[in-house]
Each structure stands twice: as structure tokens, then as C-alpha cells.
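Visitor: Sequence plus predicted model, see below.
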Amino acid sequence: MTRSEIEDKADFGQIRYAQLWEDADVLTEALGDCVGGTLVSICSAGDNALAMLTLDPARVVVVDLSMAQIACLRLRIGAFSMLGHTEFLELMGARPSNRRTALLMRALAGQDAETQAFWTARADQVQTFGAGGVGKFERYFRLFRRYCLPLVHSQGTIDDIFVSRPEPQRQEFLNNRFNTWRWRLLLNVFFSRFVMGRMGRDKAFFDHVDGSPAQHVARRINQAAVANDPADNPYLHWIMKGTHGNALPMTWRAEHYETIRGRLDRLQIMPGSLEAFIATGDKADGFNLSDIFEYMSPQVFTAVYGAILNAASPGARLVYWNMMAPRRVPPAYRPRVKTQTDLQDRLKARDKAFFYSDFVVEQVKA
Ligand SMILES: C[S@@+](CC[C@H](N)C(=O)[O-])C[C@H]1O[C@@H](n2cnc3c(N)ncnc32)[C@H](O)[C@@H]1O
């Protein structure tokens with residue numbers, strides 16, 4: 001089972017996610033006490049594997065099927081090593097900058113030739129959008145922002161989303177200013193399976209997904225815009241405005257910069273599938289599984305879940321998201337894990353990456 005099912009279906013040559021669209025604040029809290037342990041993380045753009053270093057583990061093993069995604073992590077390693085925090089934010093695109101190419105070259109200086117070539121070929125895009133803006137997923141949001149959003153809302157309304165106000169006024173803003181018929185129409189078109197499959201995510205990723213993406217997005221917007229304060233939400237800010245505002249994702253915040261920089265040598269990058277890591281017989285004390293389970297058929301999910309349990313130390317937590325396909329501990333493995341219901345529900349309510357329908361924390365019984 002070392003070859004993953006999705007490997008045969010999707011094209012992994014390009015960057016899909018140039019930044020992590022999963023909230024590391026909830027991830028790190030969900031993983032619990034991991035001091036001195038071994039953690040495993042799906043790489044994606046690398047931000048969450050870096051955030052896991054703040055938990056003070058002995059190592060974080062980072063896996064990904066995609067070399068392009070691993071290159072995103074290697075760039076971050078270079079950036080943390082060679083740049084100051086403000087420069088890092090400029091390079092990534094969180095802040096405006098006209099010197100990203102120069103910052104990119106400095107960040108790449110100590111990296112391997114393959115990583116240097118990969119990013120040098122993308123220097124123009126990095127200069128324009130920031131290194132966190134050059135994935136397929138970010139391009140999809142850019143098209144949405146440039147061509148669709150202006151048909152629906154004025155810049156004034158969009159700016160107003162990020163003015164902090166109490167919850168009742170947030171509800172009023174959503175009902176009266178934001179959730180117009182034009183907005184609802186746009187959601188239905190832009191987040192249709194057809195458009196998302198074509199522009200945002202690989203069509204294969206929808207093979208096992210039920211329901212319309214637009215219905216999910218509408219529900220989740222309520223969480224991001226009313227239940228929580230949009231002024232604190234970096235993901236919503238990027239989607240709507242193309243940069244981060246005052247709020248930043250955990251890994252990009254100044255308070256963690258030196259801690260992460262000082263622990264970069266604890267990362268163990270293992271290009272390839274999670275299944276390949278499991279096959280090594282190594283054990284881990286916590287897993288960041290991103291939302292990889294919903295890319296698998298239910299049968300494959302069950303088999304992979306069982307294999308992960310065999311690679312998990314007693315007490316290890318499995319943390320993952322679902323966007324549209326329901327995935328939770330398969331019945332056969334229920335006796336071996338305990339769902340951390342209170343913790344996961346509390347964190348789910350705070351999850352700033354609002355488009356997931358579920359957030360799961362399951363703990364291997366001792
Ligand atoms: C599942 S995707 C989801 C990305 C995400 N929602 C985000 O915000 O970045 C994350 C990464 O998982 C990788 N991936 C998917 N299935 C995998 C597997 N079985 N083993 C290792 N990596 C996998 C993909 O290559 C991709 O880079």
C-alpha cells in the first residue's frame with residue numbers, strides 16, 4: 001500500500017497550494033503535548049509542518065507526494081534562515097513589496113540546485129503575487145477577486161468586512177450588506193463542481209465528494225463572518241484582498257519566527273506518500289493529516305487509517321479536516337481510538353480556514 005490511490009489520478013507537477021489553507025492555530029492546539037516526540041505532517045505548502053515546531057517535538061517528519069509542494073517548504077526553510085521577519089512577509093506576499101525577486105534569491109542561497117531552479121523559474125510570479133500566491137488554488141481566488149467579486153461588491157463593502165465590530169452588528173452586515181442576491185448567484189456559479197474542478201482543484205478530488213461546494217461555502221461564511229471576527233481572519237482577508245491584513249496565519253506571525261528558525265533542523269523531509277512513511281515501521285506521537293482522507297475512496301481510507309494506527313504510539317492524536325466528503329474513524333477501528341469531541345468542537349468553532357465542513361481529533365488509546 002505504499003503507492004497512494006491519488007498518485008495515479010492527479011498531476012502533481014505544479015504548485016497547488018502556495019500557502020496553507022488550514023488553520024495552524026487549531027492544528028497545534030489539537031495535537032496537544034508533543035514535547036520531545038515525533039510528529040508527522042503532510043507538507044502541502046509547508047506552513048503547518050513549521051508551526052508544529054512550536055510544540056517542541058524532537059522531529060517533524062514531512063511527507064508529500066508532490067515535489068512542487070516540498071519545494072514550497074524548502075523555500076520557507078531558506079527564508080526563515082536568511083531573511084528577517086518583515087522581509088519574510090514581503091516575500092510570501094502577506095505585505096506589499098517591490099523587492100521580492102531579490103528576497104527570493106537571498107532565501108534560495110543555501111538551498112539545493114533543484115529547489116533553486118524550481119523557484120528561479122517562477123521569480124516573475126513571485127515578484128508580482130508573493131511566494132504564497134503562486135499556486136493553482138491562489139490563482140483561483142485571484143480570478144474570483146479580479147473578475148467576479150467586483151460584479152457583486154464595491155471596494156468599500158469589501159474593506160468594510162475587516163472593520164472589527166460586535167457579533168450582532170456582524171450578523172447585520174452579512175444580512176444587509178454582504179449576502180445580496182448577486183453574491184448568492186456568484187457563489188453558486190463559482191463554487192460549482194464544474195468550475196472548481198477545472199480551476200481550483202483537480203477533478204479527481206471530487207470523485208468521492210457529496211453535495212454542492214457552494215452550499216458548504218455559504219454555511220462556512222457564517223462562521224467566518226459572524227461567529228468569529230473577520231478582522232482576525234488572515235485567510236478571508238487574502239481571498240478578498242490578495243494580501244494579509246493585520247492578522248497573519250500562525251507560522252507567519254512575528255511571535256513564532258525565532259522559535260521556528262531555531263528548530264528548522266528538526267524537520268525531516270521525506271518526499272513520497274504518507275503510506276510510504278508508515279511502511280518504514282517508524283512510529284509517531286501525532287499526525288497532521290491535512291484533508292488527505294477525502295481524496296481516498298472509503299475502502300482505501302479504511303485501509304490507510306488502519307495502517308496509520310499501526311504507526312501511531314499510544315496517546316498519539318490524528319488531526320485532520322474534511323471539506324466535503326465525510327471521513328471519521330472507520331467502524332472497524334473505533335475500539336482503538338477516542339474522539340476528542342470537546343476539544344475538536346471547540347477548535348472547529350474557532351477555525352479561521354472556514355471552508356472545511358469538519359475538523360477531527362482522534363486519539364489512539366493507551
Ligand atoms: C490534501 S492536499 C490539501 C491541501 C490543503 N487543504 C491546504 O490548505 O494546503 C495537501 C497535500 O497533500 C498531499 N497528499 C495527498 N495525498 C497524500 C498522501 N497519501 N501522502 C502524502 N501526501 C499526500 C498533496 O500532494 C498536497 O500537497
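Guide: Yes, it's here.

Visitor: can you tell me the average pLDDT over the longest helix along the chain?
Guide: When the chain is parsed with DSSP state H, its longest helix is helix 67-82. Predicted confidence along helix 67-82 averages 98 (mean pLDDT).

Visitor: Let me know the angle separating the next helix or strand after that helix from helix 67-82.
Guide: Using DSSP states H and E, the helix or strand that follows helix 67-82 towards the C-terminus is helix 85-92. For the pair helix 85-92 and helix 67-82, the angle between their directions (axes from the mean of the first three to the mean of the last three Cα atoms, to 10 degrees) equals 160 degrees.

Visitor: can you list contacts of helix 85-92?
Guide: Helix 85-92 is contacted from outside by 19, 79-80, 83, 95-97, 99-100, 103-104, 106-107, 126, 130-132, 244, 248, 252, 254, 257, using Cβ atoms under 8 Å, 6 or more residues apart in numbering. In short, each C-beta sits where N, CA and C put it, glycine included.

Visitor: For the longest helix of the chain, what is the distance to the chain centroid?
Guide: Here the centre of mass of C-alpha atoms in helix 67-82, compared against the chain's by Cα atoms, centre = their mean, to the nearest Å, lies 15 Å away.

Visitor: go on, stretch 177-190?
Guide: Using Cα atoms, centre = their mean, we find the averaged C-alpha position of stretch 177-190 to lie 25 Å away from the chain's own average C-alpha position.

Visitor: What are the contacting residues of that stretch?
Guide: Contacts for stretch 177-190 (Cβ under 8 Å, 6+ apart): 144, 148-149, 151-153, 157, 160-161, 195-196, 212, 214, 217-218, 225.

Visitor: related to what we said a few turns ago, so which bits of the longest helix of the chain are buried?
Guide: Residues of helix 67-82 classed as buried under the neighbour-count rule (16 or more other Cβ atoms under 10 Å) are 68-80, 82.

Visitor: Does stretch 307-315 reach the ligand?
Guide: No. With Cβ under 6 Å from any ligand atom as the threshold, stretch 307-315 lies outside contact range of the ligand, at a closest distance of 10.5 Å.

Visitor: If we look just around the ligand, which residues of the stretch 51-200 of the chain are in range?
Guide: Within reach of the ligand by Cβ under 6 Å from any ligand atom, the stretch 51-200 of the chain has these residues: 63-66, 69.

Visitor: Residue of the stretch 1-150 of the chain nearest the ligand, please.
Guide: Proximity of the stretch 1-150 of the chain to the ligand (Cβ to the nearest ligand atom) peaks at residue 21, 3.1 Å away.

Visitor: Return the residues in contact with that residue.
Guide: By Cβ under 8 Å, 6+ apart, the contact list for residue 21 reads 137, 235, 353, 355.

Visitor: and the host helix or strand of residue 61, what other elements does it pack with?
Guide: Here residue 61 sits within strand 59-64, counting by DSSP H and E. Under the contact criterion of 3 or more Cβ pairs under 8 Å, 6 or more residues apart in numbering; DSSP states H and E, the helices and strands touching strand 59-64 comprise strand 38-42, helix 67-82, strand 267-271, helix 274-279.

Visitor: quick one: contacts of the first one?
Guide: The one in question is strand 38-42. With contact meaning Cβ under 8 Å, 6+ apart, strand 38-42 is reached by 31, 48-49, 52, 55, 57-64, 274, 277, 282-290, 292, 311, 313.

Visitor: Tell me the buried residues within the residues you listed.
Guide: Burial of the contacts of strand 38-42 was assessed by neighbour count (16+ other Cβ under 10 Å); the buried members are 31, 48-49, 52, 55, 57, 59-64, 274, 277, 284-290, 292, 311.

Visitor: Tell me which stretches of the stretch 151-300 of the chain form strands.
Guide: Secondary structure of the stretch 151-300 of the chain (DSSP state E, counting those that start in this stretch): strands located at 267-271, 284-288.

Visitor: now those as JSON lines including mean pLDDT and distance to the ligand?
Guide: As requested, the strands of the stretch 151-300 of the chain are exported to JSON lines (pLDDT from 0 to 100; distance: least, Cβ to the nearest ligand atom, whole Å):
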{"stretch": "strand 267-271", "mean pLDDT": "97", "distance to the ligand": "9"}
{"stretch": "strand 284-288", "mean pLDDT": "98", "distance to the ligand": "10"}
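
Visitor: which residue ranges form the helices in the stretch 101-250 of the chain?
Guide: Counting by DSSP state H, counting those that start in this stretch, the stretch 101-250 of the chain has helices at residues 113-120, 123-129, 136-143, 149-152, 155-161, 167-173, 181-190, 193-195, 213-222, 234-241.

Visitor: and residue 3, what pLDDT?
Guide: The predicted local distance difference test score for residue 3 is 59.

Visitor: swap that for residue 217, sorry
Guide: Residue 217 carries a pLDDT value of 72.

Visitor: now swap in residue 211 and tell me
Guide: Reading off the per-residue confidence, residue 211 sits at a pLDDT of 63.

Visitor: For stretch 214-230, C-alpha coordinates in PDB please.
Guide: What follows is stretch 214-230, C-alpha atoms only, in PDB (Å, rounded to 0.1, in the frame of the first residue of the first chain):
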ATOM      1  CA  ALA A 214     -21.400  26.400  -2.900                       C
ATOM      2  CA  GLN A 215     -23.700  25.100  -0.100                       C
ATOM      3  CA  HIS A 216     -20.800  24.400   2.100                       C
ATOM      4  CA  VAL A 217     -19.200  27.700   1.400                       C
ATOM      5  CA  ALA A 218     -22.400  29.600   2.300                       C
ATOM      6  CA  ARG A 219     -22.600  27.800   5.600                       C
ATOM      7  CA  ARG A 220     -18.900  28.400   6.400                       C
ATOM      8  CA  ILE A 221     -19.100  32.100   5.600                       C
ATOM      9  CA  ASN A 222     -21.400  32.500   8.500                       C
ATOM     10  CA  GLN A 223     -18.700  31.000  10.800                       C
ATOM     11  CA  ALA A 224     -16.000  33.300   9.300                       C
ATOM     12  CA  ALA A 225     -18.000  36.500   9.200                       C
ATOM     13  CA  VAL A 226     -20.400  36.300  12.100                       C
ATOM     14  CA  ALA A 227     -19.500  33.700  14.700                       C
ATOM     15  CA  ASN A 228     -15.900  35.000  14.600                       C
ATOM     16  CA  ASP A 229     -14.500  38.400  13.800                       C
ATOM     17  CA  PRO A 230     -13.400  38.700  10.200                       C
END
